[in-house]
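>>> Fold the following and give me the result.
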Amino acid sequence: MASSRSVDMDPDVARRLFHEGATLVLLGVPQGTEFGIDCKCWKVGPRFRGVKMIPPGLHFLYYCSVNPPSCGGEVGPKTGLFLSLKPRDILLANWNPKEEDLDFSASQNEEEVSRIRANLQDLDPYLGPYPYEVMRKWVSLTNRLNEEVANNLQPLSGRVCAFSDVIPETDFRHTKDRAEQPRNDTACQTMREGLDRLPKMKLREGTQLRFSVIPEKTYPPGATPAQITQCSLDLTYALETLLDKNYQQKPLDLLGELQFAFVCFVIGNVYEGFEHWKRLLSLLCRAEAAMQRHKELYLGLIAVLYHQLGEIPPDFFVDIVSQNNFLTSTLQDFFQLATGPSVDGALRKRAEKFKAHLTKKFSWDFDADLDECAPVVVDLPEGFTVD
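Residues are numbered from 1 along each chain as shown. Below you'll find the model as predicted:
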């Protein structure tokens with residue numbers, strides 16, 4: 001973070017952010033640490049003391065410790081956290097070398113924060129400006145995600161970690177516990193035998209992402225065979241169950257969870273975020289009756305997907321083993337339902353425009369039979385290029 005100005009920042013915006021923007025003061029972060037906020041990442045230099053001129057609102061802060069070149073220069077797993085900042089906020093953190101993590105407890109010390117605020121002008125040359133050039137992208141990826149939803153989904157530890165923090169289910173403090181473990185003094189004959197000898201592990205308490213639980217059963221208790229079949233084709237019951245449990249008052253906050261999962265994966269490198277994003281998307285795209293009941297939810301879904309799909313290469317969703325494009329098949333179901341005669345006209349029109357946009361951008365054909373080999377590519381006229 002060597003530059004003292006953000007790229008192409010309007011002077012009026014710069015002045016406003018200078019006076020109203022929040023400041024992150026991060027002390028002791030080792031040189032070479034990979035550090036990022038929202039959609040921008042840097043390597044920490046020797047003068048780095050934090051970030052200034054941060055627009056108020058929700059942000060994602062993340063970092064990776066890096067071994068010095070003499071020790072191989074390996075990059076550690078990414079750690080991140082969502083922060084909600086108010087105008088002129090000052091958030092103070094110190095680097096904990098033992099944990100290789102930021103300790104924000106100093107922010108609770110009002111006297112220390114006041115001291116930092118009084119000396120902010122002296123600290124200013126060591127603060128990198130918020131990367132204003134990526135603010136539009138960040139807002140487009142999180143416009144449905146608010147502080148309440150982020151706090152409810154973030155682990156109790158307050159950290160979103162790229163690798164799960166696991167510990168043995170048994171701590172082996174007693175001889176009896178160790179005696180019950182499979183012996184390792186003979187060679188394993190199979191992979192399964194080797195895996196069985198490993199200690200059983202569990203996630204460390206408080207480190208789990210707290211995503212909404214998607215119902216395993218898509219039909220109500222006591223459903224008839226006909227109802228089970230119907231609820232397996234139309235996932236509205238499962239979607240309504242999730243909404244009633246988690247977002248009864250604010251159904252559109254489910255889109256915030258979809259964005260939270262996407263950010264955790266794309267920026268935080270958390271694979272669990274991708275898996276949950278896929279499950280939520282599949283649920284939303286295959287709930288036919290819900291499209292008639294929740295018009296605003298589905299208009300919002302199209303807008304969310306429009307920005308998300310601009311951040312990922314089109315072939316990312318193709319399973320290299322089966323050549324099955326999860327996204328193409330899921331959206332094919334969505335467009336078939338969302339363009340039906342019983343759907344609200346505004347939603348149907350928006351879905352048709354979105355379908356045409358994706359067909360042009362990615363050359364996906366949502367009207368073809370995708371069972372053979374997905375994704376299907378549209379045959380374009382000679383000389384026609386795709387944006």
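>>> quick one: the helices in the stretch 1-150 of the chain?
Here the stretch 1-150 of the chain has its helices, by DSSP state H, counting those that start in this stretch, at 11-20, 110-118, 120-123, 135-142, 147-153.
>>> Of these, which shows the lowest average pLDDT?
Per-stretch mean pLDDT for the helices of the stretch 1-150 of the chain is lowest at helix 11-20 (a mean of 79).
>>> That helix: which residues count as buried?
14, 17 (16 or more other C-beta atoms under 10 Å). From N, CA and C alone the C-beta is placed, and that goes for glycine too.
>>> now that helix: how far from the chain's centre is it?
Between the centre of helix 11-20 and the centre of its chain there are 29 Å (C-alpha atoms, centre = their mean, to the nearest Å).
>>> what pairs with the residue nearest to Asn109 when sequence neighbours are not counted across the strands?
Ranked by C-beta to C-beta, 6 or more residues apart in numbering and with sequence neighbours excluded, the top spatial neighbour of Asn109 is Leu92, at 7.8 Å. According to DSSP bridges, the partner residues bridging Leu92 are Val25.
>>> Can you tell me which of the helices of the stretch 1-150 of the chain is nearest to Cys39?
helix 135-142 (5.1 Å; C-beta to C-beta).
>>> just the CA coordinates of the closest one, formatted as CSV?
Coordinates of each C-alpha in helix 135-142 appear next as CSV, following Å, rounded to 0.1, in the frame of the first residue of the first chain:
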residue,chain,number,x,y,z
MET,A,135,-16.3,0.5,-4.2
ARG,A,136,-18.9,0.2,-6.9
LYS,A,137,-18.1,-3.5,-7.4
TRP,A,138,-18.2,-4.1,-3.6
VAL,A,139,-21.6,-2.4,-3.2
SER,A,140,-23.0,-4.4,-6.1
LEU,A,141,-21.9,-7.6,-4.5
THR,A,142,-23.3,-6.7,-1.0
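>>> what's the angle between it and helix 11-20?
Angle, helix 135-142 to helix 11-20, by axes from the mean of the first three to the mean of the last three C-alpha atoms, to 10 degrees: 70 degrees.
>>> From the contact counts, what lies against helix 135-142?
helix 253-266, helix 295-308 (3 or more C-beta pairs under 8 Å, 6 or more residues apart in numbering; DSSP states H and E).
>>> So what angle separates the directions of that helix and helix 295-308?
Using the same axes, to 10 degrees: helix 135-142 against helix 295-308 is 140 degrees.
>>> Provide the contact partners of helix 135-142 at residue level.
Surrounding helix 135-142, the residues in contact under the criterion C-beta atoms under 8 Å, 6 or more residues apart in numbering are 38-39, 55, 58-59, 259, 262-263, 307-308, 311.
>>> hmm, 6 Å instead?
Here helix 135-142 makes contact (C-beta atoms under 6 Å, 6 or more residues apart in numbering) with 38-39, 259, 307.
>>> Show me the shaky parts of the protein.
1-9, 69-73, 164-189, 191-199, 201-203, 314-315, 317-324, 369-387 (pLDDT under 70).
>>> Out of the contacts of helix 135-142, which is nearest to Arg293?
Gln259 (21.9 Å).
>>> OK, contacts around the closest residue to that closest one other than its chain neighbours?
In space, and not counting its chain neighbours, Gln259 is closest to Leu145: 4.5 Å by C-beta to C-beta, 6+ apart. Residues near Leu145 by C-beta under 6 Å, 6+ apart: 256, 259-260.
>>> just checking, what's the longest helix in this structure?
helix 345-362 (DSSP state H).
>>> quick one: contacts of that one?
Contacts for helix 345-362 (C-beta under 6 Å, 6+ apart): 295, 298-299, 302, 314, 335, 338-339, 364, 366.
>>> Same check on stretch 255-268?
Stretch 255-268 is touched from outside by 60, 80, 142, 144-145, 149, 153, 160, 270, 273-274, 276-277, 280, 300, 304, 308, 311, with contacts defined as C-beta under 6 Å, 6+ apart.
>>> Give me the distance from that stretch to the chain's centre.
Taking mean C-alpha positions (C-alpha atoms, centre = their mean), stretch 255-268 and its chain are 2 Å apart.
>>> try stretch 99-119
27 Å.
>>> That stretch spans what distance, first to last residue?
End-to-end distance for stretch 99-119, by C-alpha to C-alpha, to the nearest Å: 28 Å.
>>> Please apply the same query to stretch 338-353.
One end of stretch 338-353 to the other measures 11 Å (C-alpha to C-alpha).
>>> swap in stretch 262-279?
Terminal residues of stretch 262-279 are spaced 12 Å apart (C-alpha to C-alpha).
>>> Could I get the buried residue list for that stretch?
Buried residues in stretch 262-279 (16+ other C-beta under 10 Å): 262-270, 272-274, 276-278.
>>> before we move on, what about stretch 103-115?
Of the residues in stretch 103-115, 104, 107, 113 count as buried by neighbour count, 16+ other C-beta under 10 Å.
>>> try stretch 288-298
Buried-residue list, stretch 288-298, by 16+ other C-beta under 10 Å: 288-292, 294-295, 297-298.
>>> Would you reformat these as TSV and include distance to Asn325?
As requested, those are arranged in TSV below (distance: C-beta to C-beta, whole Å):
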residue	distance to Asn325
Glu288	22
Ala289	26
Ala290	24
Met291	22
Gln292	27
His294	26
Lys295	28
Leu297	25
Tyr298	22
